[in-house]
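1. Structural data only, the sequence is not supplied:
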């Protein structure tokens, strides 16, 4: 229940039992915060027009002073519980330079920001912040912030910060999106959201978005420490990192998210980049683009579990997944890795764009395939579906690697040289169970599995079937080993 003042006076009017304050915003906000503190109840503040911070001669901006303000920002102190309805209006800090105290809103208590009906074209929001932490909203240690159908950052009206352009989440703080968008914000780390010991969840009854943000690393979301909960109906899309992690960057902490990571861009790990901690992704990682490796996923450290579709991502190499030395990836039932680094030619026909590893490149790390599928994955030169180098280990306990050859009609763009489905150049492949099968011909030595001179292949179970060599020679070398080709001794 929202609080309504007993003594109305001439400075308020009632509409549908809500409190609309007609005095100046600073006074009204202070009174709202103080009322919540005094009554220990939830109080709703409804914005009636745009609210711009005041500028002084030194271009320092401030919304006001008093219990409802901190360092010029709107403030929800510990013990206060506020619902801020911005309707179709904006709260604009209009901060031209970055300062420690440049956030639009700071939260130590509990705050929910909504925008009336929540119609996309009419949603208001929080803009114009420029801070070290949390350009739009700084959720301080222990604070609680819910975004419900409002905007944190808008096109042409971004928030900016060193950490967390849109939202910064401190230690033991909570940030939940139930609707709305964190978008068009910029930062060095965490263009949209930066989590530093707190928790973040997208519990969206309607769709919620972290989109169109930019950063050096973690353009959409940066998890430095803390947790990211599973949630539902969240979209992390169209974010751009000049470094790593277009959609998500995980430095440490626990990440367990059910969301769609789509159309993000980065140098490495355009969908998600894992540097440490423990991560598990459900639902979808698709149509992301990396200029380096790992169009969908790049695991540089820690452990990542794939329980999602990873498809139609693009990269220079390893269009689907790249696993570096010291990192581990586990594929379980529900993982569907397909059509990465591929271009549709017509109908159901595709040709490869990548030279190495359309599906998975294990470059010194460890990949454990407990279930799931890798299919429709082809490369021009090496390891159509799986490429193992630098002492990496790929253990296949279940699942299927299928349709990883190129048909004879597409031979000009087919897999060349080594490993139509799997190439172990330098490392180990342990085959315990599952299926590796071909589709048509593959123009390579070892259309099914190629084992290099510094590699080992152990087959304790499973099946390799359905592969054909597409030609008799490749230069001076005879193409052979339709199922398995052993180059070493």
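-> Thanks, I have it. Note that the coordinates shown come from a computational prediction; the quantities given were computed from them, not determined experimentally. Numbering: from 1, shown residues only.

2. would you say residue 36 is within a helix?
-> Yes - using DSSP: H, G, I helix; E, B strand; the rest coil, the assignment for residue 36 is a helix.

3. is it true that it touches residue 78?
-> No - look at residue 36 against residue 78 with CB atoms under 8 Å: they stay out of range, at 11.2 Å. In this view, the C-beta of every residue, glycine as well, is placed from N, C-alpha and C.

4. Among those two, which residue is more densely surrounded?
-> It is residue 36, of residue 36 and residue 78, that has more neighbours when counted by other CB atoms under 10 Å, with 26 against 13.

5. Quickly list what's touching both of residue 36 and residue 78.
-> residue 109 (CB atoms under 8 Å, 6 or more residues apart in numbering).

6. what bits of the stretch 201-350 of the chain have low per-residue confidence?
-> For the stretch 201-350 of the chain, the stretches with pLDDT under 70 are 347-349.

7. tell me the contacts of residue 156?
-> By CB under 8 Å, 6+ apart, residue 156 lies in contact with residue 184.

8. if I look at it, how far off is residue 343?
-> As judged by CB to CB, to the nearest Å, residue 156 and residue 343 stand 34 Å apart.

9. now swap in residue 146 and tell me
-> 42 Å.

10. Neighbour count for those two, which is higher?
-> The neighbour count for residue 146 versus residue 343, taken as other CB under 10 Å, is higher for residue 146 (18 against 13).

11. quick check, that one in a strand?
-> Yes - under three-state DSSP, residue 146 sits within a strand.

12. Name the nearest residue to it, sequence neighbours excluded.
-> Of all residues not flanking residue 146 in the chain, residue 112 sits nearest, at 4.2 Å (CB to CB, 6 or more residues apart in numbering).

13. was I right about the one you found contacting residue 80?
-> No - in this structure residue 112 lies outside contact range of residue 80 using CB under 8 Å: 11.9 Å.

14. returning to what we had before: what secondary structure does the residue nearest to residue 146 sit in?
-> Residue 112 - assigned by three-state DSSP - is strand.

15. Kindly report the same for residue 181.
-> Quick answer, by three-state DSSP: residue 181 is strand.

16. Looking at it now. What's its pLDDT?
-> At residue 181, the predicted lDDT confidence score is 96.

17. hey, what's it bridged with?
-> Taking DSSP bridges as the rule, residue 181 bridges to residue 151, residue 209.

18. For the nearest residue to residue 133 once chain neighbours are set aside, name its beta-bridge partners.
-> Nearest residue to residue 133 in three dimensions, chain neighbours excluded: residue 168, at 4.3 Å (CB to CB, 6+ apart). For residue 168, the beta-bridge partners are residue 138, residue 194 (DSSP bridges).

19. Contact partners for residue 168?
-> Here residue 168 is in contact with 103, 133, 134, 137, 138, 139, 161, 190, 193, 194, 196 (CB under 8 Å, 6+ apart).

20. And for the fifth one, the neighbour number?
-> Just to be clear, that refers to residue 138. Look at residue 138: counted by other CB under 10 Å, it has 32 neighbours.

21. secondary structure element for residue 31?
-> helix 25-39 (DSSP states H and E).

22. Need the residues that contact that helix.
-> Helix 25-39 is contacted from outside by 3, 5, 19, 21, 42-43, 45, 47, 51, 63-69, 74-77, 79-82, 109, using CB under 8 Å, 6+ apart.

23. After it, which helix or strand is next?
-> Counting by DSSP H and E, the next helix or strand C-terminal to helix 25-39 is strand 42-46.

24. which parts of that next one are buried?
-> 43, 44, 45, 46 (16 or more other CB atoms under 10 Å).

25. Adjacent strands (with direction) for that strand?
-> Sheet pairing of strand 42-46 (DSSP bridges) gives strand 81-85 (parallel).

26. Pull the distance from the strand it pairs with to the chain's centre.
-> Strand 81-85 sits 28 Å away from the centroid of its parent chain (CA atoms, centre = their mean, to the nearest Å).

27. Kindly provide the whole-number mean pLDDT of that strand.
-> Across strand 81-85, the per-residue pLDDT values average to 96.

28. hmm, who's touching that strand?
-> For strand 81-85, contacts defined as CB under 8 Å, 6+ apart pick out 2, 32-33, 36, 41-47, 76, 109-116.

29. Buried only: go through the residues you listed for me.
-> 32-33, 36, 43-47, 76, 109-116.

30. Most widely separated two among the buried residues of strand 42-46?
-> 43 and 46 (10.7 Å; CB to CB).

31. what number of residues lie near the residue lying closest to residue 262 once chain neighbours are set aside?
-> Nearest residue to residue 262, sequence neighbours excluded (CB to CB, 6+ apart): residue 237, at 4.4 Å. If you count neighbours by other CB under 10 Å, residue 237 ends up with 22.

32. Residue 237 pairs with what?
-> residue 211, residue 262.

33. Could you pull up the residues touching it?
-> By CB under 8 Å, 6+ apart, the residues touching residue 237 are 209, 210, 211, 220, 247, 260, 261, 262, 263, 264.

34. any idea how far it lies from residue 431?
-> Per CB to CB, residue 237 is found 37 Å from residue 431.

35. Likewise for residue 330?
-> Taking CB to CB, one finds residue 330 at 17 Å from residue 431.

36. got it, and residue 73?
-> 58 Å.

37. out of these two, which sits in the busier spot?
-> residue 73 (26 against 21).

38. show me the contacts for the more buried one.
-> Contacts here follow CB under 8 Å, 6+ apart; on that basis residue 73 touches 63, 93, 101, 102, 103, 104, 105, 106, 129, 138.

39. Report the beta-bridge partners for it.
-> Bridge pairing for residue 73 - DSSP bridges - gives residue 70.

40. distance of it from residue 47?
-> Distance of residue 73 to residue 47, given as CB to CB: 16 Å.

41. got it, and residue 88?
-> 9 Å.

42. overlap in contacts of those two?
-> With contacts defined as CB under 8 Å, 6+ apart, the residues adjacent to both residue 88 and residue 47 are residue 124.

43. All the helices of the stretch 251-400 of the chain, in order from the start?
-> Counting by DSSP state H, counting those that start in this stretch, the stretch 251-400 of the chain forms no helices at all.

44. where does the stretch 51-200 of the chain dip in pLDDT?
-> Filtered on pLDDT under 70, the stretch 51-200 of the chain yields the residue ranges 56-59, 117-121.

45. List the residues that contact residue 257.
-> By CB under 8 Å, 6+ apart, the neighbours of residue 257 are 202, 228, 229, 230, 231, 234, 248, 280, 281, 282.

46. before we move on, what about residue 354?
-> 314, 315, 316, 317, 318, 319, 340, 341, 379, 380.

47. Show me which of those residues is closest to residue 464.
-> Residue 464 lies nearest to residue 379 out of these, by CB to CB, at 18.6 Å.
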